[in-house]
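S.K.: sequence and predicted structure, then a few things I'm wondering about:
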Protein chains: 2
Amino acid sequence: MTATPVRRTQEERRATTRAKLLDAAAACLLERGYAATTVGEVQERAGVARGTLLHHFPTKVDLMVAATGHVTAQRIEGFRKAAAAIPEGDDRLDAVIDLAWQDLNGPVFFTALELWVAARTDADLRAAVAALEEELFRSMRESYAEVLGDSFGDATYPIEFTIDLLTGLSITTMVSGQLGPRQRVLDRWKKSLRMLIEEQS
Amino acid sequence: MTATPVRRTQEERRATTRAKLLDAAAACLLERGYAATTVGEVQERAGVARGTLLHHFPTKVDLMVAATGHVTAQRIEGFRKAAAAIPEGDDRLDAVIDLAWQDLNGPVFFTALELWVAARTDADLRAAVAALEEELFRSMRESYAEVLGDSFGDATYPIEFTIDLLTGLSITTMVSGQLGPRQRVLDRWKKSLRMLIEEQS
DNA sequence: ACAGAAACAGTCCAAGCGTACGGTATTTGG
DNA sequence: CCAAATACCGTACGCTTGGACTGTTTCTGT
């Protein structure tokens, strides 16, 4: 009577459990941090058996490397969607900053940050992150360029400034959690960015 | 015949071994990262006995919290010294950026970053970091103000921009290690910073 | 139906952390 | 100078956990 008429291909089965594991890993990284993330907990969160995780990811590093790819893809996709969702009439410069802030202050970024920092001292992870880094940055610059259109000339550096600035702002605000007065920095930067872009063109 | 005529107070003895332990902890964090930092290795690096570490820091978190204070103090002091060492005649704005970059790209910063990120998901560490954060930022803003003098008016936001921007730049460059093209961002920002400051005054 | 892949379940070994204790050396205060 | 206090040493133990491994069962494709 166990109604299991669902018949899935091997590839589908594989993909779903893999996704479950990677989602669980990402959630664990976000909530517990890299140091406290154990394969056991990931396995538990994913709701699979011990051996299943090992079947997909022989070692912990393999899991983390795959998780890196997973969250990076999520970040790229989320960014693309958010960029596409910006209304036509909106101020493009303000929109860019809001877009970047939404990305750099969201849960996916903090998950990625855990892997990022861990990669500094782990050769395998570093290789994986370095490989994805380029693709991530390239994709994001594309999205930024699309949002701005070609009415602002070459905004390469101002965009670069914005990304780095908001990255730093996000991290320096991370612990206290209190955006508070730092919010003004964000507002101020909107004005300054406009100034820099107008000045150069 | 053991020539040990040196007579140190208990407090001095305590302070030196404490410093040895904290330096070892910092070195371990820098080289191995937070996740791979164990009390055993710290104790080994410091060259003290197991019981000695426990005598000073009963738990690992105690050690990490103390290490946080240690590296923060180092960062503040290093920053002060570097700020004071800037020659009189130098361009103050360029000097500020170089100063910030020197801090944010140095080993002490990356050590602090490990604790910073770990603090996001550890309540005890977070409390410690949050408490020091304010002092650190305040001290640094003071140093920046001193370097700039009062010939630039209120440079609060431009300074804030610079700190956040370089923080982000340091972290996004961390993994690849290749500063390369990003160096141009730094150079460009020197011009932009000047523009922003002149514009506002 | 049957070979192969995927998922399940139970186990082993090592390592880390924390606790405890007994012992030595140095300093301090009387 | 002597005793109490404090720092340091060294080792051992238990507990827990993390990571890796081995069989067994279930499901898919042909």
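M.R.: Now that the structure is in, tell me what you want to look at. As the structure is a computational prediction, the values presented were derived from the model and not from experiment.

S.K.: residues contacting the spatially most central residue of chain A?
M.R.: Taking C-alpha atoms, centre = their mean, the centroid of chain A lies closest to residue A:75, which sits 3.5 Å from it. Residues in contact with residue A:75 (C-beta atoms under 8 Å, 6 or more residues apart in numbering or on different chains) are A:103, A:108-109, A:112, A:136. Every residue, glycine included, has its C-beta placed from N, CA and C.

S.K.: could I get those residues as TSV with neighbour count, distance to chain B and secondary structure?
M.R.: Below are the contacts of residue A:75 laid out as TSV (neighbours: other C-beta atoms under 10 Å in any protein chain shown; distance: C-beta to the nearest C-beta, whole Å; DSSP: H, G, I helix; E, B strand; the rest coil):
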residue	neighbour count	distance to chain B	secondary structure
A:103	22	13	helix
A:108	20	14	helix
A:109	20	11	helix
A:112	25	11	helix
A:136	17	10	helix
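
S.K.: in a markdown table: those, plus distance to residue B:89 and pLDDT.
M.R.: Supplementary listing: the contacts of residue A:75 in a markdown table, determined by distance: C-beta to C-beta, whole Å; pLDDT from 0 to 100:
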| residue | distance to residue B:89 | pLDDT |
| --- | --- | --- |
| A:103 | 42 | 96 |
| A:108 | 47 | 97 |
| A:109 | 42 | 98 |
| A:112 | 44 | 97 |
| A:136 | 42 | 94 |
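
S.K.: can you list the residues you listed in CSV and add distance to DNA strand C?
M.R.: Putting the contacts of residue A:75 into CSV (distance: C-beta to the nearest atom of the strand, whole Å) gives the following:
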residue, distance to DNA strand C
A:103, 31
A:108, 24
A:109, 28
A:112, 25
A:136, 28
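
S.K.: closest to residue A:97 out of these?
M.R.: Using C-beta to C-beta, the shortest approach to residue A:97 within the contacts of residue A:75 belongs to residue A:103, at 10.9 Å.

S.K.: so the closest one sits right up against residue A:78, yeah?
M.R.: Yes: using C-beta atoms under 8 Å, residue A:103 is in contact with residue A:78, at 7.0 Å.

S.K.: filter the contacts of residue A:75 by proximity to DNA strand D?
M.R.: The subset of those within reach of DNA strand D, by C-beta under 7 Å from any atom of the strand, is empty.

S.K.: just confirm residue A:144 contacts residue A:158, I think it does.
M.R.: No: look at residue A:144 against residue A:158 with C-beta under 8 Å: they stay out of range, at 9.8 Å.

S.K.: residue A:15: helix or strand, and which one exactly?
M.R.: Using DSSP states H and E, residue A:15 falls within helix A:10-32.
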